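Q: One predicted model, sequence on top.
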Amino acid sequence: MNVAILSRHEDIYSTRRLVESCRKAGHEARAMDPFLFLLHSGEGHADLDYEGEPVTGIDAIVPRIGASTNASGIAVLRQFEERGVYSLNGSDAILRCRDKFRCIQLLSGKGIPVPPTSLTLRQDDVRRAIAEVGGPPVILKVLEGAQGKGVFLAESEIEAEEKVEALHQDRRYVLIQKFISECRGRDLRAFVVGEEVVAAIRRSAEGEEFRSNVHLGGNAVPTEVTPEVGRLALGAARTLGLEVAGVDFLEPERGPLVLEVNASPGLEGIETVSGTDIAGRIVTLLEREMGVST
């Protein structure tokens, strides 16, 4: 099997681990930067060049498309899909996750519990949106973002209005989400591969930081998931059409809430903390989906 890992850099931990795991299983694998493709479409053809050479012989794609490569990565992935190349996470599923409000809509529509959330399109609606989610304090999120970027805590209506106004001026729509104070700086990430939660970690922020992301200095410890969290994690991944997903939870006393779903979750933190060979599990899933025996 010849596998392409769509990623900006081959030396990123997650990309490197996936390439290594593919090769260890006896497959060809390479990292391919979405920005280095030239795409051609017309008269029933969907062709690609990579660094000036035609792309042939790719059997499967493992997309590692972050916010910085969203448009180019999705275009490249769709071109491969037009050629009938299998992708572990499809382009439409990735886009559902990238749009945070669409993600919330789909999860809520399937009965998966999420924090109360509003989307503001006009400055005049900010106070009403805050009231709809239960009043301040609130979390403000831009529609697209990752690793805690574009996420802000507003303690009052005035603070929220000022921040939303600045984001609107920058042509960015904003989610207003209820801040669950009892979960401040703490969350749980469940890593889904296929029909299984293969690892989970609890993350906690340092000091007064309200975001628990390890990239922002948070701490993480391995944990077991409850049957309810496992059911919701798998349900969230299936709802969004993902085979591989990082599902983030808040755990208030009233029960778990799905905070976000990531279609390209990083491997470094969770592999290091949990001791689980997640890259190897992803390759095994890819083999199963492709009908490859090892």
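A: Ah, there it is. Numbering: from 1, shown residues only.

Q: Would you mind giving the domain segments of the chain?
A: Residue ranges for the structural domains of the chain, counted by automatic domain parsing, are given in the record as 2-87, 116-179, 182-263.

Q: Out of the ones you listed, flag the one nearest Lys110.
A: Lys110 lies closest to domain 182-263 among these, at 4.9 Å (Cβ to Cβ). C-beta here means a position set from N, CA and C on the backbone, and glycine is covered the same way.

Q: and that closest one, what's its mean pLDDT?
A: Taken as a whole, domain 182-263 carries a mean pLDDT of 88.

Q: Just name the shakiest helix or strand of the chain by mean pLDDT.
A: helix 157-169 (a mean of 88; mean pLDDT, DSSP states H and E).

Q: What strands line up against the helix or strand following that one, and which way round?
A: As assigned by DSSP states H and E, the chain's next helix or strand after helix 157-169 is strand 174-178. Counting by DSSP bridges, the strands paired with strand 174-178 are strand 117-120 (antiparallel), strand 138-142 (antiparallel).

Q: Serialize those strands to CSV and add fields for mean pLDDT.
A: CSV is the format used below for the strands paired with strand 174-178 (pLDDT from 0 to 100):
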stretch, mean pLDDT
strand 117-120, 91
strand 138-142, 91
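
Q: Please identify the deepest-packed of those.
A: Each of the strands paired with strand 174-178 was assessed for mean neighbour count using mean count of other Cβ atoms under 10 Å. The highest is strand 138-142, with a mean of 22.

Q: Measure how that strand sits relative to helix 157-169, angle-wise.
A: For the pair strand 138-142 and helix 157-169, the angle between their directions (axes from the mean of the first three to the mean of the last three Cα atoms, to 10 degrees) equals 0 degrees.

Q: Return the alpha-carbon coordinates of strand 138-142 using PDB.
A: Written as PDB, here are the backbone C-alpha positions of strand 138-142 (Å, rounded to 0.1, in the frame of the first residue of the first chain):
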ATOM      1  CA  VAL A 138     -18.900  33.400  28.500                       C
ATOM      2  CA  ILE A 139     -16.400  31.900  26.100                       C
ATOM      3  CA  LEU A 140     -15.900  33.600  22.800                       C
ATOM      4  CA  LYS A 141     -14.600  31.500  19.800                       C
ATOM      5  CA  VAL A 142     -13.900  32.400  16.200                       C
END
